[in-house]
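Novice: Provide a 3D model corresponding to the input given below.
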Amino acid sequence: MTPRKVAIVGAGIIGCLIARELAAADETAEITVVDRDLAGSGATRRSAGLSLVKGATPQARQWSAASHRYYADLMAVHPYLPGYPVGARLILRDGTTPAEAGYLTADTERAQAGHWVLRDCHYADVYALTQAIAALARKRVRFLEGTKITGLTSAPGTLVLRTGAGDDLTADQVVLAPGPWLDEPAWRDLVRPLGLRVKKIVAMHLERQPAPGDELLILEEHDAFLVPLAHRGHWLFSYTRLEWDVDPEAIAAAPGLSREDIDQARACLGSHAPDLAGELSSGRVCADAYSRSRQPVIAPLDHEGRIVFAGAANGSGYRLAPAIARQAVDLLQQTWHDSLGQGATDDHQQV
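Specialist: As a prediction, the model looks like this:
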């Protein structure tokens, strides 16, 4: 039997983990990962990289816990990977419990009124980690970096991806893991029915050197956190920036942080640490895809299930990437086996 060909569009943390997991699940599959830039250079590069177990629903907590275990196992096997344990303190409104906020009770311990110790957290340099995962996967996976996909069509028994250089790649299955690049002409009509939106993401830098033992501070009421990035020598403040339907290309081309970005960050942190808020003056800006349900989307985009979307992680791409990858691979496996049972189709259409 001819090995199946699978193309994964997007080499962020999600796309690279899908490639790694698919290679493990099907030792004969020919897997190609395509990205307009280097692996990990999109929203992944600007990720805060925080991993802990949290979810608003039982399924979200299950996915979060599975992803957290995955990273622990991966870093135990490859201890050189850039993951860093960090102590954490959770601040909740008076009367709110960690379980009510979506945390696992077993991971928390009450410290004082409204303050809880959260165990077993880590953060990662997600850009470096993604490149390391890509390096591990290259034994079985081909990477085409600096290659933009400009067209996606179906032909009898195959899918055809056109590159910006005018070349054609053929595949039996395609995974779209484009991060916030939902409006690309090659796939925007396919993705539109999912009802996804793109939101601006801002994280500010606090130019203070973290000390050994400094803890992550989670401000649950504000959906914000302050994490000591010891490997970079500064702190990072992540907060919720409500600016919707942004263009990731425009965000990338913009002159960096806006005055409003900085003012909102200072107002958010100022309610808890006014002495630090004034020091927020630099940071990182990107965009991410959000779903209606606020849970990641892994779904077929065509009737035959040959094209699969994986993403819309709602700002938690790193934290949930292993679970998203597992779900995507399971879907690919199922639709592939179903197609073998039904025989190839002879459709010919623009998709």
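Novice: low-confidence ranges, the stretch 251-351 of the chain, go.
Specialist: Residue ranges of the stretch 251-351 of the chain with pLDDT under 70: 342-351.
Novice: and the strands in the stretch 251-351 of the chain?
Specialist: 280-290, 297-300, 307-311, 349-350 (DSSP state E, counting those that start in this stretch).
Novice: okay, those strands, which one's buried deepest?
Specialist: Of all the strands of the stretch 251-351 of the chain, strand 307-311 carries the top mean neighbour count, a mean of 26, counting by mean count of other C-beta atoms under 10 Å. Any C-beta I mention is one placed from the backbone N, CA and C, and that applies to glycine too.
Novice: so what touches that one?
Specialist: 10, 14-15, 18, 152, 159, 173-179, 190-191, 194, 289, 296-301, 317, 324-325, 327-328, 331-332, 335, 351 (C-beta atoms under 8 Å, 6 or more residues apart in numbering).
Novice: measure stretch 203-217 end to end?
Specialist: Taking C-alpha to C-alpha, to the nearest Å, stretch 203-217 runs 14 Å from one end to the other.
Novice: pLDDT on the helix or strand that contains residue 59, on average?
Specialist: Assessed by DSSP states H and E, residue 59 sits inside helix 58-77. Averaging pLDDT along helix 58-77 yields 96.
Novice: contacting residues around residue 80?
Specialist: With C-beta under 8 Å, 6+ apart, residue 80 has these contacts: residue 132.
Novice: what sits closest to residue 164 if chain neighbours are left out?
Specialist: By the measure of C-beta to C-beta, 6 or more residues apart in numbering, the closest residue to residue 164 outside its immediate chain neighbours is residue 148, 4.0 Å from it.
Novice: so how far is residue 182 from the one you found?
Specialist: 15 Å (C-beta to C-beta, to the nearest Å).
Novice: comparing the two, which residue is more hemmed in?
Specialist: Shown here are residue 148 and residue 182; by other C-beta atoms under 10 Å, residue 182 has more neighbours (22 against 16).
Novice: can you pull up the bridge partners for residue 287?
Specialist: residue 200 (DSSP bridges).
Novice: grab the nearest non-local neighbour of residue 125.
Specialist: Excluding the flanking residues, the one nearest residue 125 by C-beta to C-beta, 6+ apart is residue 82, at 3.9 Å.
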